[in-house]
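Novice: With the input below, show me the fold.
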Amino acid sequence: MSPAAVTTYLPLLAGLQAYLHAGTGRLVDYEFLIPELLERASDDISVVGFMYGNYEEYLSIPVEELMKKRAEKYAQLLLDMKAESYEVLGYCVGGFLALETARILLENGANVKNVVMISSELATHMVHNQMITEFAYGIAIGLDMRKAGYDIDIVKMKKCMEDILKGEHRNIKNSELIKLSGECKEYGKLFTMLLDDTHEERMKNIFEKSGGEKFNGNESTFSIFKILYDIFEHTFKAMMNYKFDEIYFGKVLYLEAPTVNSFYPETKKPTAISDVCVGDLTIRKIKGDHATCLLEENYHDVLDNILEILNDIK
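Specialist: Okay, here's the model as predicted:
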């Protein structure tokens, strides 16, 4: 999908269902879900999706303000559509964008029927070292990072970072990565080698060797690869600085899938969704984990939960 602030799937009618992008700013995470929702939705429901929009504008927003500023933008676009009722949904980062957007809609008198958060968690670390983020980006978009030389076991990598941080809630320096020793010695050598290249050179290596030519369908160019990395990195930093400092009293469906493949250490106590959403909150476990819950083998579980509430929007 090409960059656009809003992608409209149906003419706007009474009920409007809005999907918010995840960390890479795309709607590709919903590639199995949205077509079936369109097929099954009643005639009085419309579906819209929000992507990252203008690249320069997105990156110009300070990371400390990004989540709230984007929610303000998305909420205003939704208010301009003047729907009779709204549902706002999001996966990963999009779940909290959905919650912030819904809060603004309510404050402006809109009829928000539901918020759906799909495997959304607040950050519990401050690690935004660029070499580590490059690896995380490759994993996030489904690349085989071993082919680019990243022979990293995520369990072992997490232990190595825990050894560096020793519980401190901070970033990790390049000098700390290259000094990894003992059982982490191989990773010290890897990051020393990576540090010989520039960010651009490392990205080109990942793109060319890890399957980057297929990561974004017909738009799998190196230029798009770099743009989406910048969006991912900016959003990633924003989530480390973000907290939902309001209380949401509306109806929320929280679809929970475990984050089993994260290699990031936990240096901050996670915030429970029940501490944020104190109104009509429903929590349901869904099939798969954070990385797989919307893939072809699992998305029907998410679909069934959404259809259950979709039928209630009037």
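Novice: Now do the host helix or strand of Val252: distance to the chain's middle.
Specialist: Assigned by DSSP states H and E, Val252 falls within strand 251-256. Distance of strand 251-256 from its chain centroid, counting by C-alpha atoms, centre = their mean, to the nearest Å, is 16 Å.
Novice: In terms of secondary structure, what does that strand contact?
Specialist: Under the contact definition 3 or more C-beta pairs under 8 Å, 6 or more residues apart in numbering; DSSP states H and E, strand 251-256 sits against strand 112-118, strand 280-285, helix 299-310. From N, CA and C alone the C-beta is placed, and that goes for glycine too.
Novice: outside of it, which residues touch it?
Specialist: Contacts with strand 251-256, where a contact means C-beta atoms under 8 Å, 6 or more residues apart in numbering, come from 95, 99, 112-120, 273, 277, 279-286, 293, 302, 305-306, 309.
Novice: Would you indicate which residues of the helix or strand just after it are buried?
Specialist: Using DSSP H and E, the helix or strand that follows strand 251-256 in sequence is helix 273-276. Neighbour counts over helix 273-276 (16 or more other C-beta atoms under 10 Å) mark Ile273, Val276 as buried.
Novice: Start at 53, not 1
Specialist: That works, and once the first residue is 53, the last one we named lands at helix 325-328.
Novice: Kindly report the domain assignment for this protein.
Specialist: Domain assignment for the chain by automatic domain parsing gives 58-174+294-362, 182-290.
Novice: Which members of the contacts of strand 303-308 are classed as buried?
Specialist: 147, 151, 164-172, 325, 329, 333, 338, 345, 354, 357-358, 361.
Novice: helices or strands up against the longest helix anywhere in the chain?
Specialist: Identified as the longest helix of the chain according to DSSP state H is helix 274-293. The helices and strands touching helix 274-293, judged by 3+ C-beta pairs under 8 Å, 6+ apart, are helix 107-112, helix 118-133, helix 145-159, helix 182-192, helix 251-261.
Novice: could these be laid out in CSV, adding distance to Asn350 and mean pLDDT?
Specialist: Output for the helices and strands packed on helix 274-293, formatted as CSV (distance: least, C-beta to C-beta, whole Å; pLDDT from 0 to 100):
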stretch, distance to Asn350, mean pLDDT
helix 107-112, 29, 96
helix 118-133, 26, 97
helix 145-159, 17, 97
helix 182-192, 17, 95
helix 251-261, 27, 96
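Novice: now those helices as a markdown table including distance to Ser233?
Specialist: A markdown table is the format used below for those (distance: least, C-beta to C-beta, whole Å):
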| stretch | distance to Ser233 |
| --- | --- |
| helix 107-112 | 36 |
| helix 118-133 | 37 |
| helix 145-159 | 35 |
| helix 182-192 | 17 |
| helix 251-261 | 23 |
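Novice: Just name the most buried of those.
Specialist: Stretch with highest mean neighbour count among the helices and strands packed on helix 274-293: helix 145-159 (a mean of 25; mean count of other C-beta atoms under 10 Å).
Novice: Taking strand 164-170 as reference, get the angle to it.
Specialist: Inter-element angle recorded for helix 145-159 and strand 164-170: 170 degrees (by axes from the mean of the first three to the mean of the last three C-alpha atoms, to 10 degrees).
Novice: Leu118 - nearest residue in space that isn't next to it in sequence?
Specialist: Closest residue to Leu118 in three dimensions, ignoring its sequence neighbours and counting by C-beta to C-beta, 6 or more residues apart in numbering: Ala290, at 3.8 Å.
Novice: quick one: contacts for that neighbour?
Specialist: Contact analysis of Ala290 by C-beta under 8 Å, 6+ apart lists Val115, Glu116, Leu118, Met119.
Novice: how about 6 Å then?
Specialist: Val115, Leu118, Met119 (C-beta atoms under 6 Å, 6 or more residues apart in numbering).
Novice: Could you do Arg336 as well?
Specialist: Listed by C-beta under 6 Å, 6+ apart, the contact set of Arg336 reads Leu307.
Novice: Against Asn357, how distant is it?
Specialist: 6 Å (C-beta to C-beta, to the nearest Å).
Novice: cool, and Thr185?
Specialist: For Thr185, the distance to Asn357 equals 32 Å [C-beta to C-beta].
Novice: what do you get for Gly264?
Specialist: 33 Å.
Novice: What strands flank the helix or strand containing Gly101, and is each parallel or antiparallel?
Specialist: In this structure, Gly101 sits in strand 97-102 according to DSSP H and E. Based on DSSP bridges, the pairing partners of strand 97-102 within the sheet are strand 58-60 (antiparallel), strand 67-72 (parallel).
Novice: Select, out of the helices and strands packed on helix 274-293, the one closest to Glu83.
Specialist: helix 145-159 (14.2 Å; C-beta to C-beta).
Novice: okay, that closest one in CSV with CA atoms only?
Specialist: Coordinates of the C-alpha atoms in helix 145-159 are reproduced here as CSV (Å, rounded to 0.1, in the frame of the first residue of the first chain):
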residue,chain,number,x,y,z
VAL,A,145,1.0,0.4,18.7
GLY,A,146,-2.3,1.0,16.9
GLY,A,147,-4.2,-0.2,19.9
PHE,A,148,-3.1,2.8,22.0
LEU,A,149,-3.5,5.1,19.0
ALA,A,150,-7.1,3.8,18.8
LEU,A,151,-7.6,4.4,22.6
GLU,A,152,-6.2,8.0,22.3
THR,A,153,-8.3,8.6,19.2
ALA,A,154,-11.5,7.3,20.8
ARG,A,155,-10.9,9.5,23.9
ILE,A,156,-10.7,12.6,21.7
LEU,A,157,-13.8,11.6,19.8
LEU,A,158,-15.7,11.2,23.0
GLU,A,159,-14.5,14.5,24.3
